[in-house]
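Asks: mind looking at a prediction? Sequence and model below.
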Amino acid sequence: MRAFLVRRVAFALVLVACASSAAFLLTRAAPGDLTTQLGPLAKAAEVAATRARFGLDQPVIVQWARWASRAVRLDLGDSFLYNRPVASVLGPAAINTAVLAVAALAVAAVSGIFLGVIGGSGGPAGVRAAIRALSAVCLSLPPLLTSLIFVFIAARTGLLPAGGMSSAGAGDLSWGAWLVDVAWHVPLPALALALPIAATFERLQSQAMTEAVDQPFVAAARARGVSHSALIWRHAWPASLRPICAVLGVAIGALFSGSFVVEYVTTWPGLGRLMYEALRARDIYLVAGCAATGSVFLACGTLAGDLLLAAVDPRVREETAA
Amino acid sequence: MRRAGIGLLAAVAVVAALAPWVAPNPPDRMFPDLVHAPPTVVHVWDAGPRAPFIHRQRLVSRLERRFETMATARVPLRWFRDGRLVTADAGAGAPLLLLGADGYGRDVFARLVHGSRLTLLLALIATLGATLLGGLIGGVSGYAGGRVDVLLSRVTEFMLVLPAIYVVLALRAALPLVVPPRTVFLSLVAIFVLLGWPTVARGVRAIIASERSRDYVSAAEALGAGRTRVLLRHLLPSARGHLVMQATLLLPAFILAEATMSYIGLGFPEATPTWGTMLQDASNAALLGDTPWALAPAGAIFLVVLAVNLAVQGSGRPQVQLDR
């Protein structure tokens, strides 16, 4: 288990280093830099002075080496766009994305697993057909479409706020009122992000459940007189968890990718939006910081998925121990 | 269900191919007095059955986007005229707007139909490219084995971990932000191919690596077939099923990727009709509540993705696949 962990952490470090460096170099190589913001009328001397002030006049390699040597000490440089240290801009955005992702994952897991168990363990044919049709539709509705549709519904009915993370003027509210306000804004983007993943979970769980209820140990439990609900939830369900845990790492990746679109459409102030703005403004340190934070999230998600899989499947545990 | 999916895909392909004939209006024609006009209703009943006709819509308030239907006059639809399937007299101020008009007073239906060409062509070419490249890299990796295999497999695995949309975003943003449509098309194809090949390559590598030790390969080699010939003529055909399956997964992903990039303003320019650029009209939440027809491209994307999913049902493709 320790060797496994060491390998995963090493991989995560390589991922973070590669992703952030690649983002840094790519943005540096892109045409235009922050001096574009000085406008077309800026004098050449002013442009040169600005470049020198932020170290943009150095060769790429020197610039990268400077940034990297500070980044390993967790100093990510200053954002041009916000005129603040990158870390202080990244922090809130990362938390916002994490809130959205965790809410979406919870919704997807609970609804997907619940519907999957119902659909896979036999029940009224009508209910099963309805669940099947629902997940078939949701599988063809990626986050871009769900978020647009939800924003439309919200704008039309006014049931939920159509965008943002808090109402205008929420900064003046007390802590409790602010939390309520944010909680009011979470469901729409979280649901938009969760639906396709919930459908995936439902399909996997339903299939695994159909196989699980045919197992001899379920028949044996039934013969002992175990009640139907205990049979399904206590006996068959734990045995059918493996497929979902196996895709959990990928699901977290999908969640992270999907959150970019959802954040953009619903103006959720998260990492995805921040990275988009930073890329457009050629804010190289902020881009690299976003890439680093994103890859940390991704590595943690994959690791969590692997650990969960090891927890439900003894075979994986023995393999990694060996 | 499979038939329905294939039929739907065929219908979309026919409509895209015949776009100029199917669309009632040119996609870039603006009707200044019909900005954000609602869809035209086609009537067949006016005190008795009649040939299909429409009513003229008159702008009442530009600010409130309010229109009045002139129910007194019937404007007949004209069939098979001016090289179009059906149209109405646009000159008289009563064009046939089946899905309403956008913010420039352009026919949403016409733009949808014309936009399908660029969106679908882009996705098809990128799918083809990614499948070919993935097949080739996976094939070489699986057939060569040894160090080449280790290196190519590591690269493949690393690419698979990266969240695709962020890589697309970073690569596209590295290019100049405003570029002509042709450059956008080529660069998006290149970026999509670059991101699409690893999933294909991983599966092909596994198939080729296990096929390599089969007797027919030894037989071909004994007969003097070169390595290239063995790979292309003897080994790769065994991965055909996998290649087709991957292509059906990549196509919807690429359609969506184009839509996303154009929607956020890093794809095609606004004037070029594609499903992505059209979705920009849906980005204003307050406006979207009043003009739901701006979601038409979203409906089109859903239909195509659903059709692909239905068409491959029961063909051994995994029912679910999560994209990073």
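Replies: That came through, no problem. Numbers count the residues shown, from 1 in each chain, chains lettered A, B, ... in the order given.

Asks: what's the average pLDDT for stretch A:217-233?
Replies: Here stretch A:217-233 scores 89 as its mean pLDDT.

Asks: for A:Val137, which residues are in contact?
Replies: B:Leu306 (Cβ atoms under 8 Å, 6 or more residues apart in numbering or on different chains). (C-beta placed from N, C-alpha, C; glycine too.)

Asks: which SS state does it fall under?
Replies: Classification of A:Val137 by DSSP: H, G, I helix; E, B strand; the rest coil places it in helix.

Asks: ok, it to B:Pro292 distance?
Replies: Using Cβ to Cβ, to the nearest Å, we find A:Val137 at a distance of 18 Å from B:Pro292.

Asks: show me where chain B has its helices.
Replies: Here chain B has its helices, by DSSP state H, at B:2-17, B:19-22, B:108-144, B:146-161, B:164-173, B:181-211, B:215-222, B:227-229, B:240-263, B:275-279, B:285-290, B:296-311.

Asks: can you put those helices in CSV and add mean pLDDT?
Replies: Listed next are these as CSV, based on pLDDT from 0 to 100:
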stretch, mean pLDDT
helix B:2-17, 91
helix B:19-22, 89
helix B:108-144, 93
helix B:146-161, 87
helix B:164-173, 83
helix B:181-211, 90
helix B:215-222, 88
helix B:227-229, 86
helix B:240-263, 90
helix B:275-279, 92
helix B:285-290, 82
helix B:296-311, 91
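
Asks: and the closest residue to chain A within the stretch 1-150 of chain B, how many neighbours?
Replies: The minimum distance from the stretch 1-150 of chain B to chain A, using Cβ to the nearest Cβ, falls at B:Met1 (9.0 Å). B:Met1: 11 surrounding residues under other Cβ atoms under 10 Å in any protein chain shown.

Asks: wait, doesn't it sit right on B:Leu310?
Replies: Yes: between B:Met1 and B:Leu310 a contact is recorded at 5.2 Å, counting by Cβ atoms under 8 Å.

Asks: picking that back up, could I get the helices of chain B as a markdown table with mean neighbour count?
Replies: What follows is these, written out as a markdown table (neighbours: other Cβ atoms under 10 Å in any protein chain shown):
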| stretch | mean neighbour count |
| --- | --- |
| helix B:2-17 | 14 |
| helix B:19-22 | 16 |
| helix B:108-144 | 23 |
| helix B:146-161 | 14 |
| helix B:164-173 | 22 |
| helix B:181-211 | 21 |
| helix B:215-222 | 12 |
| helix B:227-229 | 11 |
| helix B:240-263 | 22 |
| helix B:275-279 | 27 |
| helix B:285-290 | 16 |
| helix B:296-311 | 21 |
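
Asks: relative to A:Leu115, which of those helices is closest?
Replies: helix B:296-311 (18.2 Å; Cβ to Cβ).

Asks: what residues are up against the residue in chain B that chain A sits nearest to?
Replies: Taking Cβ to the nearest Cβ, chain A has its nearest neighbour within chain B at B:Gly289, 3.3 Å off. Neighbouring residues of B:Gly289 by Cβ under 8 Å, 6+ apart: A:152, A:155-156.

Asks: are we agreed that A:Asp75 is in a strand?
Replies: No: looking at A:Asp75 with three-state DSSP, it is coil, so not inside a strand.

Asks: show me the shaky parts of the stretch 201-322 of chain A.
Replies: A:316-322 (pLDDT under 70).

Asks: can you rerun that using 80?
Replies: Per-residue confidence for the stretch 201-322 of chain A (pLDDT under 80) gives these ranges: A:249, A:309-310, A:312-322.

Asks: around chain B, pick out the residues from it.
Replies: Residues of the stretch 201-322 of chain A lying near chain B by Cβ under 8 Å from any Cβ of the partner chain: A:203-204, A:247, A:250-251, A:253-254, A:256-257, A:260-261, A:264-265, A:272, A:275-276, A:279-280, A:287, A:291, A:294, A:298, A:302.

Asks: those in strands, which ones?
Replies: Using DSSP state E, no member of these falls in strands.

Asks: can you turn the buried part of the residues you listed into a ChimeraX selection?
Replies: To isolate the buried members of these in ChimeraX, using 16 or more other Cβ atoms under 10 Å in any protein chain shown:
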select /A:203,204,247,250,251,253,254,256,257,260,261,264,265,272,275,276,279,280,287,291,294,298,302
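
Asks: circling back to that earlier point, tabulate the helices of chain B (JSON lines), appending distance to A:Ala87.
Replies: JSON lines is the format used below for the helices of chain B (distance: least, Cβ to Cβ, whole Å):
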{"stretch": "helix B:2-17", "distance to A:Ala87": "48"}
{"stretch": "helix B:19-22", "distance to A:Ala87": "51"}
{"stretch": "helix B:108-144", "distance to A:Ala87": "37"}
{"stretch": "helix B:146-161", "distance to A:Ala87": "24"}
{"stretch": "helix B:164-173", "distance to A:Ala87": "20"}
{"stretch": "helix B:181-211", "distance to A:Ala87": "29"}
{"stretch": "helix B:215-222", "distance to A:Ala87": "56"}
{"stretch": "helix B:227-229", "distance to A:Ala87": "52"}
{"stretch": "helix B:240-263", "distance to A:Ala87": "29"}
{"stretch": "helix B:275-279", "distance to A:Ala87": "34"}
{"stretch": "helix B:285-290", "distance to A:Ala87": "32"}
{"stretch": "helix B:296-311", "distance to A:Ala87": "37"}
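
Asks: for B:Arg65, which non-adjacent residue is closest in space?
Replies: B:His36 (4.7 Å; Cβ to Cβ, 6 or more residues apart in numbering or on different chains).

Asks: just checking, the one you found touches B:Asp290?
Replies: Yes: between B:His36 and B:Asp290 there is a contact at 7.4 Å, judged by Cβ under 8 Å.

Asks: shared neighbours, those two?
Replies: With Cβ under 8 Å, 6+ apart as the test, B:His36 and B:Asp290 both reach B:Arg65.

Asks: other SSEs contacting the strand or helix carrying A:Gly112?
Replies: Element membership of A:Gly112 [criterion: DSSP states H and E] is helix A:86-120. Other elements packing on helix A:86-120 under the criterion 3 or more Cβ pairs under 8 Å, 6 or more residues apart in numbering or on different chains; DSSP states H and E are strand A:78-79, helix A:125-139, helix A:187-212, helix A:242-265, helix A:271-280, helix A:284-312.

Asks: any buried residues in the host helix or strand of A:Phe11, and which?
Replies: Under the criterion of DSSP H and E, A:Phe11 resides in helix A:2-29. By 16+ other Cβ under 10 Å, the buried positions in helix A:2-29 come out as A:4, A:8, A:11-12, A:15-16, A:19-28.

Asks: over to stretch B:62-69?
Replies: Buried residues in stretch B:62-69, counted by 16+ other Cβ under 10 Å: B:Phe67.

Asks: hmm, who's touching it?
Replies: For stretch B:62-69, contacts defined as Cβ under 8 Å, 6+ apart pick out B:34-38, B:41, B:55-60, B:290-291.

Asks: grab the nearest non-local neighbour of whichever residue of the stretch 151-300 of chain A sits closest to chain B.
Replies: Closest contact between the stretch 151-300 of chain A and chain B, by Cβ to the nearest Cβ, is at A:Ala155 (3.3 Å). In this structure, A:Ala155 finds its nearest non-sequential neighbour in B:Gly289, 3.3 Å apart by Cβ to Cβ, 6+ apart.

Asks: kind regards, and thank you for your time.
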